[in-house]
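Participant: Following is a predicted model, sequence given first.
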There are 2 protein chains.
Amino acid sequence: MNRVPPDPPPPSSGTGPSPAAPVSSTSRAARRRATEGRVLDRARALFAERGFERTTIRAVAAAAEVDPALVMQYFGTKRNLFEQAVRAVPEPAAGAGTDDLPDRLLASLGLKLGGLPEGTLATLRSMLTDPTAAEHAREALGAQIASVAAALPADEDPELRAALAVTALVGITIGHQLLHLPALRDAPADRLAALLRPALAALTEPHPAGPAPGESAP
Amino acid sequence: MNRVPPDPPPPSSGTGPSPAAPVSSTSRAARRRATEGRVLDRARALFAERGFERTTIRAVAAAAEVDPALVMQYFGTKRNLFEQAVRAVPEPAAGAGTDDLPDRLLASLGLKLGGLPEGTLATLRSMLTDPTAAEHAREALGAQIASVAAALPADEDPELRAALAVTALVGITIGHQLLHLPALRDAPADRLAALLRPALAALTEPHPAGPAPGESAP
DNA sequence: CCGCTCGGTCAACGCTTGTAGAGTGAAGCG
DNA sequence: CGCTTCACTCTACAAGCGTTGACCGAGCGG
């Protein structure tokens, strides 16, 4: 009853030059992959825009110009479709010579304000109303927090500071990308970064040889 | 199948006085008000816990031990029920001798981390997936932002700074109250406040080394 | 050239949801 | 005491949802 499609090779993302594939350009398999990718794409966009519950299989199918039953045949379940659609690049591939913690934080969430992957937006959109998305978000956020905390001095509540920094950035992202608050939408990304850097520094650098400068002495 | 015998609503049991007592305390109107309040209460709690879509009229009615049709009769519409339930005390009544901006911000959102009104939680929970809640949230957040911005120097992007501060706190609240991130749940509220104060100060006080605006603290 | 495979469609089921309207029985008032 | 009122319940409906199984037609191996 529950036709689970055999693990297809991880699709999507990136030009997949089929290695040693003598398949013609529009062969049967190619078309199938294309359709599946299209469905996945539209699903991701709709999930990011409306969230899990308000996105119907029928709407996804219509957006991909296929029959609803086909979506079911491919993914078996709406939940599975969601998970497949969301499974896309959460990790910061950079990791190179990133300077401070604030910059890394901004890079991981803040700086991509202009365009962070739709899968992430879909998860953010649904995480407050869907248990699966909530679990996914808790997991991803927990990893982020742990990663940030690892770079903080161990004697000053690194986990808590990291959690505050990450969730604060999540809130800003929500206000910007999901709620479309005008005050945030009208600001260029680098301005946001410039304003946030000192605040994040204050969160992550406890007391660098005394209280922060500028504290008006009594 | 779900016959719920009407329990005696007033906790005044004991030696039952004769029902002939024309107790005005539990008059018809009083009972009606009590029922309506109970429905509103349960609705608020469920909306805060599951969000608008996943909260059904039937569930609210069951939690309030009444018939679903009664909920409809009282509120006419699920949307209306939501709006009535959410309409509750957003404004900080304090406003007294609050010192700095950071403290005021923390008071309005952060410090109440332990217990901020369920109506607010319901709005937060639903704002990403329900248009009405989103509008409500945009409105409330906009007011908050404007109020904070009014206390910032006018020449340094007050709206943007205020928006960043407010949305950051919203993110932290979400992570704490709605997502239940362990790193945040295990921390006492005053520790959060202590960590956040300098960060908020960094956000709201632009460059202390620079030319101080004429505003001098009394 | 035939028949199996398989991408894709059609029509339908069962369930839950918000919502409407008729009904009921006790409280209130004359 | 009898009529009205009103809080409250029962039953039902229409719509939308995820999901299913039968079906069709073109590709492709034999």
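Facilitator: Yep, that arrived.

Participant: give me every residue that touches A:Thr123.
Facilitator: A:86, A:133, A:136-137, A:140 (CB atoms under 8 Å, 6 or more residues apart in numbering or on different chains). C-betas here are computed from N, CA, C, even on glycine.

Participant: Put the buried members of these into a ChimeraX selection.
Facilitator: ChimeraX command restricting the contacts of A:Thr123 to the buried ones, with burial defined by 16 or more other CB atoms under 10 Å in any protein chain shown:
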select /A:86,133,136,137,140
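
Participant: from memory A:Leu160 sits against B:Leu184, does it?
Facilitator: Yes. Taking CB atoms under 8 Å as the definition, A:Leu160 is a contact partner of B:Leu184 at 7.4 Å.

Participant: Mind listing the shared neighbours of the two?
Facilitator: B:Leu192.

Participant: The two: which is more packed in?
Facilitator: B:Leu184 (23 against 20; other CB atoms under 10 Å in any protein chain shown).

Participant: Can you give me the neighbour number for A:His180?
Facilitator: If you count neighbours by other CB under 10 Å, A:His180 ends up with 11.

Participant: and it, helix, strand or coil?
Facilitator: Look at A:His180: counting by DSSP: H, G, I helix; E, B strand; the rest coil, its state is coil.

Participant: Now do it against B:Leu179, distance only.
Facilitator: Going from A:His180 to B:Leu179 by CB to CB, to the nearest Å gives 22 Å.

Participant: Let me know whether the worst-scoring helix or strand of chain A on mean pLDDT sits next to chain B.
Facilitator: Ranking every helix and strand in chain A by mean pLDDT, DSSP states H and E puts helix A:101-105 at the bottom, with a mean of 73. No. Between helix A:101-105 and chain B, judged by CB under 8 Å from any CB of the partner chain, nothing touches; the nearest distance is 10.6 Å.

Participant: Likewise for stretch A:179-194?
Facilitator: Yes. Residues of stretch A:179-194 contacting chain B under CB under 8 Å from any CB: A:179-184, A:187, A:191-192.

Participant: Identify the residues contacting that stretch?
Facilitator: For stretch A:179-194, contacts defined as CB under 8 Å, 6+ apart pick out A:106, A:110-111, A:113-114, A:172, A:175-176, B:127-128, B:134, B:137-138, B:141-142, B:145, B:157, B:159-160, B:162-164, B:167.

Participant: what about stretch A:120-127, average pLDDT?
Facilitator: Stretch A:120-127 shows a mean pLDDT of 96.

Participant: Just the CA atoms of the helix or strand hosting A:Gln73, as CSV, please.
Facilitator: For A:Gln73, the host element (DSSP states H and E) is helix A:68-75. The C-alpha coordinates for helix A:68-75 follow below in CSV (Å, rounded to 0.1, in the frame of the first residue of the first chain):
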residue,chain,number,x,y,z
PRO,A,68,-1.7,15.4,-7.5
ALA,A,69,-1.5,11.7,-7.6
LEU,A,70,1.9,11.8,-9.2
VAL,A,71,3.2,13.8,-6.3
MET,A,72,1.9,11.1,-4.0
GLN,A,73,3.4,8.4,-6.2
TYR,A,74,6.8,10.0,-6.0
PHE,A,75,7.0,11.0,-2.4
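
Participant: and that helix, how far out from the chain's middle?
Facilitator: Its chain's C-alpha centre and that of helix A:68-75 lie 25 Å apart, by CA atoms, centre = their mean, to the nearest Å.

Participant: Next: stretch A:140-158.
Facilitator: The answer for stretch A:140-158 is 19 Å, by CA atoms, centre = their mean.

Participant: what do you get for stretch A:39-51?
Facilitator: Using CA atoms, centre = their mean, the offset of stretch A:39-51 from its chain centre is 13 Å.

Participant: Let me see the mean pLDDT of that stretch.
Facilitator: On average, the pLDDT along stretch A:39-51 is 97.

Participant: Does that stretch reach DNA strand C?
Facilitator: No. Residues of stretch A:39-51 are not located near DNA strand C by CB under 7 Å from any atom of the strand, the shortest gap being 8.6 Å.

Participant: in which helix or strand would I find the nearest residue to A:Ala168 once chain neighbours are set aside?
Facilitator: Spatial nearest neighbour of A:Ala168, excluding adjacent residues (CB to CB, 6 or more residues apart in numbering or on different chains): B:Ala168 at 3.7 Å. Assigned by DSSP H and E, B:Ala168 belongs to helix B:158-173.

Participant: and that helix with helix A:158-173, angle?
Facilitator: 130 degrees (axes from the mean of the first three to the mean of the last three CA atoms, to 10 degrees).

Participant: which other helices and strands contact helix B:158-173?
Facilitator: Counting contacts by 3 or more CB pairs under 8 Å, 6 or more residues apart in numbering or on different chains; DSSP states H and E, helix B:158-173 is packed against helix A:158-173, helix A:182-185, helix A:189-204, helix B:101-105, helix B:131-149, helix B:189-204.

Participant: Of all these, which one comes closest to DNA strand D?
Facilitator: helix B:131-149 (14.7 Å; CB to the nearest atom of the strand).
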